[in-house]
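>>> Predicted model and sequence below, questions to follow.
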Protein chains: 2
Amino acid sequence: MILGDLAKRKISWVNGGGIVLSTRARIARNLHDRYFPSRADASALRDVFDCTVSAVSGIPQFSDASVLKLNALDRIDRHLLMERHLISHEMASLKRTTDEQGVVFTADEKVSIMINEEDHIRIQCLLQGLATNSAYLIASGTEDSLGNVMKFAYSRRYGFLTSCPTNVGTGLRISCLLHLPAMVLTDSIENLLNGIRKARMAARGFYGEGTKPIGDIFQISNSTTLGATGEEIVHRFDRVVRTITRYETEARRKLLKESKHKLEDMIYRAYGILEYARSISSEEAILCLTKIRLCSDLNINLPVNSNHVDQLIFILQPGHLQEISNRALSPEERDIERTRLIRERLFGTGDIKRGKQK
Amino acid sequence: MILGDLAKRKISWVNGGGIVLSTRARIARNLHDRYFPSRADASALRDVFDCTVSAVSGIPQFSDASVLKLNALDRIDRHLLMERHLISHEMASLKRTTDEQGVVFTADEKVSIMINEEDHIRIQCLLQGLATNSAYLIASGTEDSLGNVMKFAYSRRYGFLTSCPTNVGTGLRISCLLHLPAMVLTDSIENLLNGIRKARMAARGFYGEGTKPIGDIFQISNSTTLGATGEEIVHRFDRVVRTITRYETEARRKLLKESKHKLEDMIYRAYGILEYARSISSEEAILCLTKIRLCSDLNINLPVNSNHVDQLIFILQPGHLQEISNRALSPEERDIERTRLIRERLFGTGDIKRGKQK
């Protein structure tokens, strides 16, 4: 565990409120003269790693960047990085790590490069709210800068080549984390997800591919990377996300009209659980947090700071809990520790001092 | 609805804390020269009613007593009386009421006489905590005073005669409301209830015969009324109740040792629900209240007044809610109103004023 300081920092691309929590643009690239990571030997992978770090050092934005090699990190550190969306679920879950895999990320964590995961490099830009264009521009700007010193595998016919064919072409994946409780409560979510698939977009879980949604938060992303320019892909994706947010807004309006009392009760109870539970799973905690996320939209006057709520959605996980407590915790201990963190961040107290004796 | 004032009064025989919430002694009697209520005509029943009220007027304890005829009361009033344990579940649920049925009760509600229910009269004494002897002495003292002016049906062979053979002999039913959460949580309650039945006692629900337990509160009473004196019955019953409380105390000690965190979490969550719910059924409310009843025993420092908690267990019911709001409420409205009453009585506020904005 060496990432305690990182664990205590706010996540800069999380800032509370809104249907779209965050936008992510990711560009996959591979060096033209090295095998893809799954076939490359250690020496080739080391070249990729060194070459990337050296290329990054020339980019002003990366002047304060952190360079982390997976081998220097334990499982808890890697979980922390995954919880901050700096490395993938796959990289965090690796049984064997090597010295040639790692991640570079800027001081504000908004731009990062994962090295030698499925592809040689995966450039990522994460921004708060709906910001497809900016995220794409920043990611592709970084890709341009790297392209000045690295030569990427490219085919005239297919475009940029990637380890998995689903990324060939632009290598671009653009995604948003969307909070869709009203679509879930009105049983419209399945229809929506079907519609999303028909629009050739994918709906995934909280940590992307292979993970499940938590607390009515869905990751929506483009499925196709081929046959269109990056700009076209981003534009099309942006339109789909705006449509989804309109549906969600409409569903919230309907719910508020038809079931205000039920909604209020649901949100207040979630608040009560967060304030008083003395043991809570991350799943239940996130469910409660995403419920109280709704209070401002529904004109419910609960004393919560929406940025604190959203930060907690990301950091109530095992990696953060253990780094913040600076020790390994059993699942039971984590469930207890999680409630302390909630009370501290959300209610400004580790213990109940606010009750009145009658 | 004419019992709003009564609804707002504290219940004097409820005073918070302890495994035994209350003790009740009930004595059934019938006039020797009238048919039992199920066979008597209106004129005979009127005689019984008038004769009882007149007899009662001579007892000093009843100088400020209330005399209520069922016909003057609507369903809500009768429910209120049942919720305060002044009339039986059966009497409250009657489809047709008459002018000859009713109840007389002292100003402190500790002594009451139900007239023309199953028997001509049912004398009841209700006291807080474990007080079998006092409850019995007060009830039989009242019976003595009435016996000076009324002649009761009596057989040399069987003792006092009652409408149902299960009450013949002493006509005495002594019972306690016991709060046995630890026996329930440790899965020992079924064994305990079997043991109680073997000791020829009965375990019943919250409102006695034909009702179900709510929130781990059980009514334990004697089953046999024949073949022993009142004193013997009371003594035997008292011994059984003391044994049960020892089991419960032991089970609480064990739970506290083995699952302190789980218990704390359970109790704090119940507190959170009571503070924040905006709609709650009486069953869930009582479950939560009975959980926070445990906090003093488990050294959990929650700002609750145990008498307020116990009062609420009895008055969160439809009768009280409607009398207090002074209007008929739909079940949905009651669930909302119930949370207001909880906030007012338990937290001293109808709304949340105590949260801190961070």
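Perfect, thanks for sending it. Being a predicted model, the structure only gives us computed values, none of them experimental.
>>> Quick check: residues of chain A near chain B?
Residues of chain A lying close to chain B (Cβ under 8 Å from any Cβ of the partner chain) are A:261-262, A:264-265, A:268-269, A:271-273, A:275-280, A:301-305, A:308, A:332, A:336, A:346-348, A:352, A:354-358. C-beta coordinates here come from the backbone N, C-alpha and C atoms, glycine included.
>>> Inside helices: which ones of those residues?
Taking DSSP state H as the definition of helices, the residues of chain A next to chain B contribute A:261-262, A:264-265, A:268-269, A:271-273, A:275-276, A:308, A:332, A:336, A:346-347.
>>> List buried residues within those.
For these, a burial check counting by 16 or more other Cβ atoms under 10 Å in any protein chain shown picks out A:264-265, A:268-269, A:271-273, A:275-276, A:308, A:336, A:346-347.
>>> how about TSV for the residues you listed, with distance to B:E250 and pLDDT added?
Below are these laid out as TSV (distance: Cβ to Cβ, whole Å; pLDDT from 0 to 100):
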residue	distance to B:E250	pLDDT
A:E264	42	92
A:D265	38	95
A:Y268	38	96
A:R269	34	97
A:Y271	37	96
A:G272	32	96
A:I273	31	97
A:E275	33	95
A:Y276	28	96
A:H308	44	93
A:I336	27	96
A:L346	39	93
A:F347	36	91
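>>> Could you give the number of residues near the spatially closest residue to A:T98 that is not a sequence neighbour?
Sequence neighbours aside, A:N71 is the residue nearest to A:T98 in space, at 6.3 Å (criterion: Cβ to Cβ, 6 or more residues apart in numbering or on different chains). Using other Cβ atoms under 10 Å in any protein chain shown, the number of residues around A:N71 comes to 13.
>>> Kindly report the same for A:T98.
Look at A:T98: counted by other Cβ under 10 Å, it has 16 neighbours.
>>> ok, now which ones touch it?
Contacts for A:T98 (Cβ atoms under 8 Å, 6 or more residues apart in numbering or on different chains) come out as A:A42, A:L45, A:L70, A:N71, A:N116.
>>> mind checking the SS state of the residue nearest to the second one when sequence neighbours are not counted?
Translated: A:L45. Spatially, and ignoring its direct neighbours in sequence, A:L45 is nearest to A:E100 (3.6 Å; Cβ to Cβ, 6+ apart). The three-state assignment at A:E100 reads coil, by DSSP: H, G, I helix; E, B strand; the rest coil.
>>> ok, now the one 4 residues further on?
Using three-state DSSP, the structure places A:V104 in strand.
>>> thought it was touching A:S63?
No - with contact defined as Cβ atoms under 8 Å, A:V104 does not reach A:S63; the gap is 11.9 Å.
>>> So for those two, which sits in the more crowded spot?
Neighbour count, other Cβ under 10 Å: between A:V104 and A:S63, A:V104 has more, with 24 against 11.
>>> what's the offset of the longest strand along chain A from the middle of its chain?
Ranked by number of residues, the top strand in chain A under DSSP state E is strand A:20-29. In terms of Cα atoms, centre = their mean, to the nearest Å, the centre of strand A:20-29 is found 9 Å from the chain centre.
>>> now stretch A:207-221
Taking Cα atoms, centre = their mean, the mean C-alpha location of stretch A:207-221 is offset from the chain mean by 9 Å.
>>> got the CA coordinates for it in CSV?
These are the backbone C-alpha positions of stretch A:207-221, laid out as CSV (Å, rounded to 0.1, in the frame of the first residue of the first chain):
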residue,chain,number,x,y,z
TYR,A,207,-16.3,-0.1,-14.1
GLY,A,208,-16.8,-0.7,-17.8
GLU,A,209,-16.7,-4.0,-19.7
GLY,A,210,-17.4,-7.1,-17.6
THR,A,211,-18.7,-5.2,-14.6
LYS,A,212,-22.3,-4.7,-13.5
PRO,A,213,-24.3,-1.5,-12.9
ILE,A,214,-24.4,-0.3,-9.3
GLY,A,215,-27.1,2.0,-7.9
ASP,A,216,-28.8,2.7,-11.3
ILE,A,217,-25.6,4.1,-12.7
PHE,A,218,-24.9,2.8,-16.3
GLN,A,219,-21.9,3.3,-18.5
ILE,A,220,-23.0,4.0,-22.1
SER,A,221,-20.4,3.8,-24.8
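>>> Quick one: residues contacting A:K95.
For A:K95, the contact set (Cβ under 8 Å, 6+ apart) is empty.
>>> Can you measure across stretch A:125-140, start residue to end residue?
Start-to-end span of stretch A:125-140 (Cα to Cα, to the nearest Å) is 9 Å.
>>> Tell me the buried residues in it?
By 16+ other Cβ under 10 Å, the buried positions in stretch A:125-140 come out as A:125-133, A:135-140.
>>> for stretch A:219-238, same thing?
Going by 16+ other Cβ under 10 Å, stretch A:219-238 has these buried residues: A:Q219, A:I220, A:S221, A:N222, A:T225, A:A228, A:G230, A:I233, A:V234, A:R236, A:F237, A:D238.
>>> Same question for stretch A:3-16.
Buried residues in stretch A:3-16, counted by 16+ other Cβ under 10 Å: A:L3, A:L6, A:A7, A:I11, A:W13, A:V14, A:N15, A:G16.
>>> between those, which is nearest chain B?
Comparing the buried residues of stretch A:3-16 against chain B with Cβ to the nearest Cβ places A:G16 closest, at 12.1 Å.
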